[in-house]
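Colleague: predicted structure and sequence below. I'll ask about it afterward.
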Amino acid sequence: MNYHWDWGIFFKSTGIGQEIYLHWFITGLGWTVALSLSGWLIAMLLGTVLGVLRTLPQRSLSAIGTAYVNLFRNVPLLVQLFVWYFIVPDYLPEPIQTWFKQGLKPEISGFISVVACLGLFTAARVCEQVRTGIQALPRGQINAALALGLNPWKTYRHVLLPQAFRIIIPPLTSEFLNIFKNSSVASLIGLMDLLAQTKQTAEFTANLFEAFTLATLIYFTLNMSLMLMMRWLEKRVKVPGLISLGGK
Amino acid sequence: MKKSLLVSLAIASLFSTAQAAELTGTLKKIKESGTVVLGHRDSSIPFSYLADGSKPVGFSVDIANAIIDEVKKELGLPAIKVQYNLVTSQTRIPLVQNGTVDVECGSTTNNIERQQQVAFTNGFFKIGTRLLTKKTSGIKDFADLAGKNLVTTAGTTSERQIKKLNEEKKLGMNIISAKDHGESFLMLESGRAVAFMMDDVLLAGEMAKAKNPADWAIVGTPQSSEIYGCMVRKDDPAFKAVADRALVNFFKSGRVNASYTKWFQQPIPPKGLNMNFTMSEGLKALIAKPTDKSAEQM
């Protein structure tokens, strides 16, 4: 194949001010990290609440959790993003709508839509992990807590959730990595995340393979470090004798 | 009589063997396989798009057919099978390079960066980058955009130019990069941006598709001009020469005018939209004097 390789492109000027292409990758990485962490915060908070709801004995409450999971897990992420970006703002009441579309900087309104989209989508997945974590605990745990006179709130807060979270660290890790990869949908509404900057570099320099190779390395390094961090966390919080430790 | 026949036969056989020996690269591949692979787009209206069925139509497809006819003549083949291969703005260059696509005719700007990767045939269209805005917006030119939201399509030359202009003139514009022209227009229509910067001909296409084309106007001094060309593999001068010759003949014979009228000044499929886009002086000059250079090199 007759491809003109040039690894020097990252240090070439973009023709805009003093920038070089590498700067684009760095600001892109910044957006990717900001989007993913903000989305993860929402996903963890909402996902935990929903996961708990799904384990409650009250049918109506657990139905809310089930309905949420079914809705958000079965609609493609990209469709959800278009809903949050193009459709929902059009139904906001008037002064807010104009403010959202024109008053806010485009990257901020885009950011809000993507964070909402990623957070709510991932919440459905976190919800399922939390639910299975709680259900994996022996029935004796909840019975003992109630027998000791703890109310349901305290039972979850001090007995069930601390154990459940320790069990689900490995699957949560993969959700955590997923949100970083999923954040690349932002490139489709014009937010200049890592993928958008990669595509832009590829388009401007016509050196497609170099640009995507660098992006691959960045995503890989980022996710590898997150994975190692989560492994460390898992070790750090382990309680000897808990079922999460399995054979160890 | 007999002698002259013999001589002509001898010359003919000499010619054909000489030709067969000379064939290299893409021409050789086409001769051997009897097939040419044409790279086309799905929604570059009216250049190369799918109107109904799987065969692309448009102005660039007419150009591609002219090239294929010239290849047939060159190779002395009565018919060549045309295989259509859909490309996107991201896949078009690698697919030409790796041999999947023999010639790509869509709406690809010829520029210096791309010339490092592929070769361009003679240009077949010339555009200027301008603004599409609502008639009531009060925007007349680029200077009126200071502090406002502007949308352009990601990965286009307009994106680079406007970012540069914004930086140099300190206009303080907010630039949105949408993923394709349809989405850019949606941003404009929904009020997220007051103007959409793009190649004038593509703006005319978006305008023709709008619910009420009369609400919109194309304004502003063209920021730059660009020439569209077909892409072929680099280092294959024999094939490029045939393609270039096809374009020269297409221009000289006047076939270009009929094709232009058909795609730019008459209702086109699938919905019968009319682009109403008069031939620019720039394009007339290009047709009078074909070139494979990019606009910046001229």
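Modeller: Cool, got the structure.
Colleague: count of neighbours near the residue in chain A positioned nearest to chain B?
Modeller: Closest contact between chain A and chain B, by CB to the nearest CB, is at A:Glu203 (3.5 Å). All C-beta spots, glycine's among them, are computed from the backbone N, C-alpha and C. Residues near A:Glu203, counting by other CB atoms under 10 Å in any protein chain shown, number 21.
Colleague: and for B:Val194?
Modeller: 20.
Colleague: so it sits against B:Ile139, correct?
Modeller: Yes. B:Val194 lies in contact with B:Ile139 (CB atoms under 8 Å); the separation is 6.0 Å.
Colleague: what's in contact with stretch A:215-233?
Modeller: A:25, A:29, A:32-33, A:169, A:172-173, A:176-177, A:180-181, A:194-195, A:198 (CB atoms under 8 Å, 6 or more residues apart in numbering or on different chains).
Colleague: what about 6 Å?
Modeller: With CB atoms under 6 Å, 6 or more residues apart in numbering or on different chains as the contact definition, stretch A:215-233 has outside contacts at A:173, A:177, A:198.
Colleague: out of those residues, which is most surrounded?
Modeller: Neighbour max across those (other CB under 10 Å) = A:Thr198, 25 neighbours.
Colleague: and the next helix or strand past the helix or strand bottoming out on mean pLDDT in chain A?
Modeller: When each helix and strand of chain A is scored by mean pLDDT, DSSP states H and E, helix A:94-98 comes last, with a mean of 89. Sequence order places helix A:106-136 as the next helix or strand after helix A:94-98, per DSSP states H and E.
Colleague: residue contacts, the spatially most central residue of chain A?
Modeller: Centroid check for chain A by CA atoms, centre = their mean gives A:Ile179 as the closest residue, at 3.0 Å. The contact partners of A:Ile179, by CB under 6 Å, 6+ apart, come to A:36, A:39-40, A:118, A:122.
Colleague: report pLDDT for B:Ala10.
Modeller: Looking at B:Ala10, its pLDDT stands at 53.
Colleague: ditto for B:Val7
Modeller: pLDDT for B:Val7: 57.
Colleague: just to revisit the earlier point, against B:Arg160, how distant is the residue of chain A closest to chain B?
Modeller: According to CB to CB, to the nearest Å, A:Glu203 and B:Arg160 sit 9 Å apart.
Colleague: over to the nearest residue to B:Asn111 once chain neighbours are set aside: give its phi and psi.
Modeller: The shortest distance from B:Asn111 to any non-neighbouring residue, by CB to CB, 6 or more residues apart in numbering or on different chains, is to B:Ser294 (4.9 Å). Backbone torsions for B:Ser294, taken as degrees, to the nearest 10, come to phi -80, psi 160.
Colleague: how about A:Leu148?
Modeller: phi -80, psi 0.
Colleague: low-scoring stretches of the stretch 1-150 of chain B, by residue?
Modeller: Across the stretch 1-150 of chain B, the ranges flagged by pLDDT under 70 are B:1-21.
Colleague: pull up the residues of it that are close to chain A.
Modeller: B:94, B:97-98, B:113-114, B:116-117, B:149 (CB under 6 Å from any CB of the partner chain).
Colleague: if you set the cut-off to 8 Å instead, what comes out?
Modeller: Within the stretch 1-150 of chain B, the residues that sit near chain A (CB under 8 Å from any CB of the partner chain) are B:89-90, B:93-94, B:97-99, B:111, B:113-114, B:116-117, B:149.
Colleague: I'd assumed A:Leu37 was in a helix, is it?
Modeller: Yes. Counting by DSSP: H, G, I helix; E, B strand; the rest coil, A:Leu37 is found in a helix.
Colleague: okay, now it: neighbour count?
Modeller: Neighbours of A:Leu37 under the rule other CB under 10 Å: 14.
Colleague: next one: A:Leu148
Modeller: A:Leu148 has 10 nearby residues by other CB under 10 Å.
Colleague: where does it land on pLDDT?
Modeller: The score at A:Leu148 is 94. That number is its pLDDT.
Colleague: just the helices in the chain please.
Modeller: Went with chain A since none was named. Secondary structure of chain A, counting by DSSP state H: helices at A:21-55, A:59-73, A:77-82, A:94-98, A:106-136, A:139-147, A:152-154, A:161-167, A:169-182, A:194-205, A:208-236.
Colleague: that was the other one, I meant chain B.
Modeller: B:2-22, B:25-33, B:59-75, B:92-97, B:112-115, B:157-169, B:181-189, B:200-209, B:237-252, B:255-264, B:281-288.
Colleague: tabulate those helices (CSV), appending mean neighbour count.
Modeller: Shown next, in CSV, are the helices of chain B (neighbours: other CB atoms under 10 Å in any protein chain shown):
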stretch, mean neighbour count
helix B:2-22, 10
helix B:25-33, 17
helix B:59-75, 21
helix B:92-97, 22
helix B:112-115, 16
helix B:157-169, 19
helix B:181-189, 22
helix B:200-209, 22
helix B:237-252, 19
helix B:255-264, 17
helix B:281-288, 16
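Colleague: please name whichever of the ones you listed is nearest to B:Ser225.
Modeller: Comparing the helices of chain B against B:Ser225 with CB to CB, the closest turns out to be helix B:281-288 (5.6 Å).
Colleague: output that closest one as PDB, restricted to C-alpha atoms.
Modeller: Listed in PDB are the C-alpha atoms of helix B:281-288, where the atom choice follows Å, rounded to 0.1, in the frame of the first residue of the first chain:
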ATOM      1  CA  GLU B 281     -16.700  32.400 -13.000                       C
ATOM      2  CA  GLY B 282     -14.200  30.300 -11.200                       C
ATOM      3  CA  LEU B 283     -15.600  27.100 -12.700                       C
ATOM      4  CA  LYS B 284     -15.800  28.600 -16.100                       C
ATOM      5  CA  ALA B 285     -12.100  29.400 -15.900                       C
ATOM      6  CA  LEU B 286     -11.300  25.900 -14.700                       C
ATOM      7  CA  ILE B 287     -13.200  24.400 -17.600                       C
ATOM      8  CA  ALA B 288     -11.500  26.700 -20.100                       C
END
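Colleague: quick one: average confidence on it?
Modeller: Regarding helix B:281-288, the rounded mean pLDDT is 95.
Colleague: which other helices and strands contact that helix?
Modeller: Under the contact criterion of 3 or more CB pairs under 8 Å, 6 or more residues apart in numbering or on different chains; DSSP states H and E, helix B:281-288 touches strand B:125-134.
Colleague: let's see 10 Å
Modeller: strand B:125-134, strand B:225-228, helix B:237-252, helix B:255-264 (3 or more CB pairs under 10 Å, 6 or more residues apart in numbering or on different chains; DSSP states H and E).
Colleague: could you chop chain B up by domain?
Modeller: Domain assignment for chain B, taken from automatic domain parsing, gives B:23-124+B:229-297, B:128-225.
Colleague: and the pLDDT for A:Phe180?
Modeller: 97.
Colleague: then A:Tyr21?
Modeller: Listed pLDDT for A:Tyr21 reads 94.
Colleague: pretty sure it sits against A:Thr27.
Modeller: No. If you go by CB atoms under 10 Å, A:Tyr21 and A:Thr27 don't touch, sitting 11.1 Å apart.
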